[in-house]
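Asks: Got a predicted structure here, sequence first:
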Amino acid sequence: MQPTYSIDNPNLPYQTKLDLWETGFGLQKVDGLEPSAHMVELAQRQAKGDLTYQDVHEEISRYHAEVSTETQEADLVALRITELLSRRGFSFSPGALLSIHKELFQDIFPDEIPVGAFRRTNISKKESVLDGESVVYADYTMIEATLDYDFTQEKKFAYQGLSKEEIVAHIQQFISGIWQIHPFREGNTRTITVFLIQYLREFGFDVDNEPFQKHARFFRDALVLDNAKMLQKDSQPLTQFFENLLLNGQNNLTLK
């Protein structure tokens, strides 16, 4: 029989590819990482069509093998984010988070940090926006059950008849809840952000990636504040971020 499906073509326009690269680079800032100048140059060449993603991977791997550099994680994860977001295809499930995490961080973290697997220990992190306190993340024994519950509830949620503002507010709440679980030992914000972008595409949103490109650190701090203990909790920064992302908001994305 003749094929009835077309094969997706990853040959995106220059500006679209450049936008994805800038998103990939911007998301590294959630962990204070910056790409190498060489990687930025390779990104430009790939966006122009001079290199494939495989070409970029081979060249940047040679570069890191020859040059002692602290930019390896930022370079490789940005490349993987860009390539992943250049593809269509999406699965709304906790398994999608596992798959994204594995694709982004394979061979990046030390052996003691699981990749493509949920953490098996409880964690904390001192946050400057909480005066050194930590968000209380999900207990590691409850990660799978909590994710399954949140995803099931989201699948059941009726978006029909809601205004765009109400839809955005609910997605914001859902994603913030997933982030609070913090299912991975490292790489949570980058993994969940990639999932969020894919999910928003399923809604048909015209996503303005500039907030991710320029304000990724603000996004993480806003998630921290949204999930802080009650006396420190502040949801306004996250609301402002999503307004800029999806509702043409012009909020100043800086924390006082």
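Replies: Cool, got the structure.
Asks: Break this structure into its domains for me.
Replies: If you go by automatic domain parsing, the domain ranges for the chain are 12-87, 125-256.
Asks: For residue 96, which of those domains is the nearest?
Replies: Set against residue 96 and scored by CB to CB, those come closest in domain 125-256, at 6.1 Å. Where C-beta positions appear, they are placed from N, C-alpha and C, glycine not excepted.
Asks: what's the average pLDDT for the closest one?
Replies: Mean pLDDT, domain 125-256: 95.
Asks: just stretch 28-45 next, same as before
Replies: In the prediction, stretch 28-45 has an average pLDDT of 95.
Asks: Give the buried residues for that stretch.
Replies: Of the residues in stretch 28-45, those scored as buried under the neighbour-count criterion (16 or more other CB atoms under 10 Å) are 28-31, 33, 35-36, 38-39, 42-43.
Asks: export the domains of the chain to JSON lines and tack on distance to residue 112?
Replies: Conversion of the domains of the chain to JSON lines gives the following (distance: least, CB to CB, whole Å):
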{"stretch": "domain 12-87", "distance to residue 112": "16"}
{"stretch": "domain 125-256", "distance to residue 112": "8"}
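Asks: now for those, which one comes closest to residue 104?
Replies: Ranked by CB to CB, the member of the domains of the chain that lies closest to residue 104 is domain 12-87, at 5.0 Å.
Asks: which residue packs closest to residue 43, ignoring adjacent ones?
Replies: In this structure, residue 43 finds its nearest non-sequential neighbour in residue 21, 4.2 Å apart by CB to CB, 6 or more residues apart in numbering.
Asks: Tell me who's in contact with the one you found.
Replies: When contacts are counted by CB atoms under 8 Å, 6 or more residues apart in numbering, residue 21 touches 43, 46-47, 78, 82.
Asks: In helices only, show me the buried residues of stretch 28-45.
Replies: Using DSSP state H to define helices, the subset of the buried residues of stretch 28-45 located there is 38-39, 42-43.
Asks: Nothing else from me, thank you.
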